[in-house]
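Quick one, what's the 3D model for this:
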Amino acid sequence: MKMKIALFHPWLKSRGGAERVVLEFLKHTKHDVDVYSWVYDKANTFKEFGKFKIKVIAPKIAQLFARSYILRGLFFPISLFSKIPLRKYDLFLISTGGLAELIALKNYKPGKTCAYVHTILRAAYEEDVRWNLQYRYKDPFSKLAYLIAVHIYRFFERRAWKKIDVAIFNSELSLERAIKHNLVKEKKVYVVYPPVDVKKYEKAKIQKGDYFLYVARFGMAKRQDALLVAWKMFVKEHPNYGLVLAGSVENKSYFEKIKKIAAETKNVEIKTNIEDKELLKLYSNCLAVVFVPFMEDFGIVPFEAMVLGKPLMAVDKGGYVNLVKKYYKNIVWIKEGEELSLNIVKSLNKFLDKQLEAKKVKIPDLNAKRFVEKIENIIEK
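Numbers count the residues shown, from 1 in each chain. Okay, the predicted model is just below:
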């Protein structure tokens, strides 16, 4: 039976993993879907969203603070005044990476409200709280304000989750976070891995280049700064190799910091807001793919590298780890920890010693059509 679905995703503002998941669902679902969002930045997100029904339910001024880690908290009051006409729909589907579930406080379809959970709010999760207190909030006032905000959010988070009838998580790690917050007790929960557009990667011609590639939005949690510190040490001994950092700009002040460090470091190139064709070319021609974010919820990049057969160097903690270990041996793991830059250098040297070559693999769990079929099977119940 074809259903009419209201899908809420908080912001379509970049070319990130969560936006791509929503886009793949829209492209492959058999149901009639209207997308509701607080922010729709056509210039910086996927152009293909223009083919679908996108309804913005927040004032235009909201776009000004959607990219700020701190000011995103202002979306909480916006959520209390955002109204979606759910009577018109058979199902309400929330796509959340934290904060978005607050929409359920004022928008709830009893027994028919589902969530696809990229993660609960990382800023309010214990491991991230410790990381933020160490790296983001260093003076006593900002630390106190942050901890108070976390406490308030956790209260409303629990209330919002009571309105979610079915929760589908993108990885075992994301589910583990929700369990620790006691959000999914007596709920129907599932794990469905996000899709990767494997077909375009399977057909790509593979070249062995002389540069390492890191694909990620420019933001503190993606840790391009730690990678550059490592690269500065590594390139002194290995001047024939290069590093390419590719991604959209999430945090402008952080991006300026990265540009400054890169300008002072040998053999570093930065590419922003690139189209899929150029990204595929970067993947195809690189020597290896590096992936160093902090506790990534799932992580699509490692699987794009795997489908191409590119050797992979990735941090050993994240939502992708279990699945990578299941399918791939062509990898050097980077030990997570406070000495990350030194650990990256060790892994880069280990990679050169092992001389890993390209080895393509197929990952059936990540087929886009299969992803949508799994989601549809769950929500149709």
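
C-alpha only now, for contacts and for neighbours.
Noted.

quick one: low-confidence parts of the stretch 1-150 of the chain?
59, 61-81 (pLDDT under 70).

Could you rerun that using 80?
Applying pLDDT under 80 to the stretch 1-150 of the chain picks out residues 59-82.

Helices of that one, residue ranges please.
Ranges of helices in the stretch 1-150 of the chain, per DSSP state H, counting those that start in this stretch, are 17-28, 62-65, 75-81, 126-135, 140-161.

The residue located most distally from the centre of the chain and Phe291: what is the separation?
Taking CA atoms, centre = their mean, the residue of the chain most remote from its mean C-alpha position is Glu237, at 33.1 Å. Between Glu237 and Phe291 the computed distance is 21 Å (CA to CA, to the nearest Å).

Equivalent analysis for Asn377, please.
Taking CA to CA as the measure, Asn377 falls 32 Å from Phe291.

Tell me where the stretch 251-381 of the chain has strands.
In the stretch 251-381 of the chain, the segments counted as strands under DSSP state E, counting those that start in this stretch are 268-272, 288-291, 312-315, 331-334.

The stretch 101-250 of the chain now?
According to DSSP E, counting those that start in this stretch, the strands that the stretch 101-250 of the chain contains are 113-117, 166-169, 188-191, 211-215, 242-247.

Not counting the fourth one itself, show me its contacts.
The list of residues contacting strand 211-215 from outside it, by CA atoms under 8 Å, 6 or more residues apart in numbering, reads 241-247, 282-283, 286-291, 301.

Go again with 6 Å.
The contact list for strand 211-215, computed with CA atoms under 6 Å, 6 or more residues apart in numbering, reads 241-247, 286-291.

Over to the second one?
Strand 166-169 is touched from outside by 114-117, 175, 188-191, with contacts defined as CA under 6 Å, 6+ apart.

Of the residues you listed, keep whichever come out buried.
114-117, 175, 189-191 (16 or more other CA atoms under 10 Å).

Kindly reformat these as JSON lines containing distance to Lys222.
Formatted as JSON lines, the buried ones among the contacts of strand 166-169 follow (distance: CA to CA, whole Å):
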{"residue": "Cys114", "distance to Lys222": "29"}
{"residue": "Ala115", "distance to Lys222": "25"}
{"residue": "Tyr116", "distance to Lys222": "22"}
{"residue": "Val117", "distance to Lys222": "20"}
{"residue": "Leu175", "distance to Lys222": "21"}
{"residue": "Val189", "distance to Lys222": "28"}
{"residue": "Tyr190", "distance to Lys222": "27"}
{"residue": "Val191", "distance to Lys222": "24"}
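
Pull the most distant pair out of the residues you listed.
Distances among the buried ones among the contacts of strand 166-169 were taken as CA to CA; the most separated pair is Cys114 and Leu175, at 14.7 Å.

thinking again about what came up before, got CSV for the strands of the stretch 251-381 of the chain, with distance to Lys180 too?
Converted to CSV, these look like this (distance: least, CA to CA, whole Å):
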stretch, distance to Lys180
strand 268-272, 36
strand 288-291, 26
strand 312-315, 22
strand 331-334, 26
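
Export these as a markdown table, with columns for mean pLDDT, distance to Val33 and mean neighbour count.
A markdown table is the format used below for the strands of the stretch 251-381 of the chain (pLDDT from 0 to 100; distance: least, CA to CA, whole Å; neighbours: other CA atoms under 10 Å):
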| stretch | mean pLDDT | distance to Val33 | mean neighbour count |
| --- | --- | --- | --- |
| strand 268-272 | 96 | 31 | 16 |
| strand 288-291 | 97 | 34 | 26 |
| strand 312-315 | 96 | 36 | 26 |
| strand 331-334 | 96 | 39 | 21 |
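
Could you list the low-pLDDT ranges of the stretch 201-350 of the chain?
201-205, 250.

can you map out the helices along it?
Ranges of helices in the stretch 201-350 of the chain, per DSSP H, counting those that start in this stretch, are 224-237, 252-263, 276-285, 301-308, 321-327, 340-354.

Which stretch among the ones you listed is buried most, on average?
Of all these, helix 301-308 has the most neighbours on average by mean count of other CA atoms under 10 Å, namely a mean of 24.

Run the angle between it and helix 276-285 for me.
For helix 301-308 against helix 276-285, the angle between stretch directions is 70 degrees (axes from the mean of the first three to the mean of the last three CA atoms, to 10 degrees).

Renumber starting at 52 from here on
Sure, I'll start numbering at 52, so the last one becomes helix 352-359.

Could you export helix 352-359 as PDB, CA atoms only?
In PDB, the C-alpha atoms belonging to helix 352-359 read as follows (Å, rounded to 0.1, in the frame of the first residue of the first chain):
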ATOM      1  CA  VAL A 352      33.700   7.300   3.500                       C
ATOM      2  CA  PRO A 353      35.400   4.000   4.600                       C
ATOM      3  CA  PHE A 354      32.900   2.100   2.500                       C
ATOM      4  CA  GLU A 355      33.400   4.300  -0.600                       C
ATOM      5  CA  ALA A 356      37.100   3.500  -0.300                       C
ATOM      6  CA  MET A 357      36.400  -0.200   0.100                       C
ATOM      7  CA  VAL A 358      34.200  -0.500  -3.000                       C
ATOM      8  CA  LEU A 359      37.000   1.100  -4.900                       C
END
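
gap between it and the chain center?
Chain-centre distance of helix 352-359: 15 Å, with CA atoms, centre = their mean, to the nearest Å.

OK, contacts around Pro61?
So Pro61 contacts 88-89, 151 (CA under 6 Å, 6+ apart).

quick one on the thing from earlier: can you name the two of the contacts of strand 217-220 that sit furthest apart?
Spanning the widest gap among the contacts of strand 217-220 are Cys165 and Leu226, at 14.7 Å by CA to CA.

Tabulate the CA atom coordinates of stretch 368-376 in CSV.
Output of stretch 368-376 as CSV, limited to C-alpha atoms (Å, rounded to 0.1, in the frame of the first residue of the first chain):
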residue,chain,number,x,y,z
LYS,A,368,36.4,3.6,17.1
GLY,A,369,33.3,4.5,15.2
GLY,A,370,30.0,3.1,13.8
TYR,A,371,31.7,1.7,10.7
VAL,A,372,34.2,-0.5,12.5
ASN,A,373,32.2,-3.7,12.9
LEU,A,374,31.2,-3.7,9.2
VAL,A,375,34.6,-2.8,7.9
LYS,A,376,36.1,-5.7,9.9
